[in-house]
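Asker: would you be able to build a 3D model of this:
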Amino acid sequence: MSKLTKNQKAALALYEPAKQYSLTEACEVVKKITYTKFDSSVELHVNLGVDPRKANQMVRGVVTLPNGTGKEKKVLVLCTPDKESEATAAGADYVGLDNYIEQIKGGWTDVDVIICTPSVMAKVGVIGRILGPRGLMPNPKTGTVTMNIADAVKDVKAGKIDFKVDKTGIIHTAIGKASFSAEQIRQNAAAVLDTIVKLKPATLKGTYMISVSLCTTMSPGVSVDIKTIGAAEK
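Answerer: Numbers count the residues shown, from 1 in each chain. The predicted structure is shown next:
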């Protein structure tokens, strides 16, 4: 095990690692034990009792964080010329089609979200093997394949995020910044957790939500008492 740094020791002394905190307390603790000089991201980790290999147990959803993400998301809209002005007016950072597809083929993926219209999905599919592993592939389920480009761009800019369970049954998602107030972090975490609870697969037997924790970049994790997050599973 690597030796703890002075900052890590100081952080560990400010809370009880084995304790399960209420969601409100956990948000306060996370702010207290963050020691990075930069504005760290606050991350939510939810361990679910699902088998992601089964299609009917894949948990995936979208939620608009009440206080935004704390990060200005760069949005690329891939569309035909008739939708370009709509995308630009809504605040998209990059708008086009063939030129950006060629750039992506060349390795450029310096965006956070890609939105496209259904009519260009055939062209976007060609770069799916590049976008997929990076979580950038547009998907109708997350609202990123749509004819309503303006609303999709505005939603992303306002703090809409999508999440999905990974192959180990865990959802990892950033929900804000350490500079947020503890209450802003709590509100964002609660919005995600409420959405996850509502997405419980009907076919699941046994415990759905196994554990929940919060952390910031490089900080230790803070366990959340599942009973304190609202309509949680027993």
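
Asker: residue ranges for the strands of this structure, please.
Answerer: Assigned by DSSP state E, the strands in the chain fall at 20-21, 41-48, 60-64, 75-78, 94-96, 113-116, 160-164, 170-177, 209-216, 222-224.

Asker: output the second one as CSV, restricted to C-alpha atoms.
Answerer: Provided in CSV are the C-alpha atoms of strand 41-48 (Å, rounded to 0.1, in the frame of the first residue of the first chain):
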residue,chain,number,x,y,z
SER,A,41,-15.4,17.4,-9.5
VAL,A,42,-17.8,15.8,-7.1
GLU,A,43,-18.5,12.2,-8.1
LEU,A,44,-21.4,9.9,-7.1
HIS,A,45,-20.9,6.1,-7.2
VAL,A,46,-23.9,3.8,-6.9
ASN,A,47,-23.4,0.0,-6.7
LEU,A,48,-26.5,-1.8,-8.0
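
Asker: contacting residues for the residue nearest to the spatial centre of the chain?
Answerer: Centroid-nearest residue in the chain, with CA atoms, centre = their mean: T173, separated by 3.7 Å. For T173, the contact set (CB atoms under 8 Å, 6 or more residues apart in numbering) comprises E43, L44, I161, F163, V192. From N, CA and C alone the C-beta is placed, and that goes for glycine too.

Asker: now list the buried members of these.
Answerer: Buried members of those, scored by 16 or more other CB atoms under 10 Å, are E43, L44, I161, F163, V192.

Asker: my read: the first one touches M218, true?
Answerer: No: with contact taken as CB atoms under 8 Å, E43 and M218 are classed as non-touching, separated by 10.7 Å.

Asker: so how far is N67 from the residue nearest to I185 when sequence neighbours are not counted?
Answerer: Counting by CB to CB, 6 or more residues apart in numbering, I185 lies nearest to C27, which is 4.3 Å off, once chain neighbours are set aside. Note on C27: its distance to N67, by CB to CB, to the nearest Å, is 12 Å.

Asker: looking at those two now, which is surrounded by more residues?
Answerer: C27 (28 against 18; other CB atoms under 10 Å).

Asker: now do the contacts for the more buried one.
Answerer: Contacts for C27 were tallied using CB under 8 Å, 6+ apart; they are A182, E183, I185, R186, A189, L214.

Asker: I'd like the distance between the first one and V156.
Answerer: Shown here: A182 relative to V156, a distance of 26 Å by CB to CB.

Asker: give me the more crowded residue out of those two.
Answerer: Per other CB under 10 Å, whichever of A182 and V156 has more neighbours is V156, with 25 against 16.

Asker: my read: the more buried one touches E72, true?
Answerer: No: in this structure, V156 is not within contact of E72 by CB under 8 Å, at 10.5 Å.

Asker: fine, thanks again, bye for now.
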